[in-house]
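Enquirer: Provide a 3D model corresponding to the input given below.
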Amino acid sequence: MTRWATTLLLVGFTPLVAGAHSLGVEVKQQGQQVYLEAYFDNDTPGENALVMVTDAAGQAIAQGQTDEKGVWSFPPLAPGTYHVVVKVIGHRAQTTFTIAAPVSVETPTTVSQGTSRASSTGPIRWLLVGLGLVVIAMLTFSARYLSRAKANTA
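Expert: You can find the predicted model right below:
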């Protein structure tokens with residue numbers, strides 16, 4: 001019975017969606033130029049990804065393909081909110097972004113919503129992996145301790 005309870009407990013803490021190799025997208029604006037970067041969580045570029053940009057009504061505004069660096073730029077858009085979908089090798093990422101007035105030519109500004117590339121591929125990623133391993137180890141040791149304690153009282 002204890003093994004079943006332990007198994008159910010561990011399965012209960014298992015994520016429903018695995019993210020072993022996920023695709024991300026970040027949209028930036030520099031002056032009037034808008035571009036996006038498609039990347040995998042191991043920080044490799046999402047090269048040759050298909051890109052579709054739609055407006056708030058769902059009408060296609062622009063489409064194209066990323067280069068070998070996972071970058072695709074497109075003509076300036078009117079101020080407003082847009083949606084982008086990126087697809088490559090069985091992976092799909094999407095985000096919403098807002099274009100306002102042109103920003104400084106020198107500094108690119110992230111205009112997309114959601115997780116940034118730095119936070120999904122940087123050191124924080126490994127910190128979260130380590131934290132997950134610590135939680136798994138604690139659950140395992142707790143289950144073994146409870147199992148042995150129950151066996152000793154029986």
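
Enquirer: list the residues that contact Val85.
Expert: Neighbouring residues of Val85 by C-beta atoms under 8 Å, 6 or more residues apart in numbering: Val51, Met52, Thr54, Arg92, Ala93, Gln94. From N, CA and C alone the C-beta is placed, and that goes for glycine too.

Enquirer: hmm, try it at 10 Å
Expert: Val85 is in contact with Val25, Ala49, Leu50, Val51, Met52, Val53, Thr54, Gln63, Arg92, Ala93, Gln94, Thr95, counting by C-beta atoms under 10 Å, 6 or more residues apart in numbering.

Enquirer: in the chain, which residue is closest to the centre?
Expert: Taking C-alpha atoms, centre = their mean as the criterion, Gly24 is the residue nearest the geometric centre of the chain, at 4.6 Å.

Enquirer: circling back: now the contacts of Val85: which count as buried?
Expert: By the neighbour-count criterion of 16 or more other C-beta atoms under 10 Å, the contacts of Val85 include these buried positions: Val25, Ala49, Val51, Val53, Ala93, Thr95.

Enquirer: quick one: list the elements packing against the longest helix that the chain contains.
Expert: With DSSP state H setting the assignment, residue counts place helix 123-153 as the longest helix in the chain. When contacts are defined as 3 or more C-beta pairs under 10 Å, 6 or more residues apart in numbering; DSSP states H and E, helix 123-153 packs onto helix 2-12, helix 117-121.

Enquirer: and with 8 Å instead?
Expert: Under the contact criterion of 3 or more C-beta pairs under 8 Å, 6 or more residues apart in numbering; DSSP states H and E, the helices and strands touching helix 123-153 comprise helix 2-12.

Enquirer: about what we covered before: could you give me the average pLDDT of the longest helix of the chain?
Expert: For helix 123-153, the per-residue pLDDT values average out at 80.

Enquirer: same question, stretch 31-46
Expert: If you average the pLDDT values across stretch 31-46, you get 88.

Enquirer: okay, buried residues for the longest helix of the chain please.
Expert: Residues Ala143 are the ones in helix 123-153 that count as buried (16+ other C-beta under 10 Å).

Enquirer: just how off-centre is that helix within its chain?
Expert: Put simply, helix 123-153 sits 26 Å off its chain's centre (C-alpha atoms, centre = their mean, to the nearest Å).
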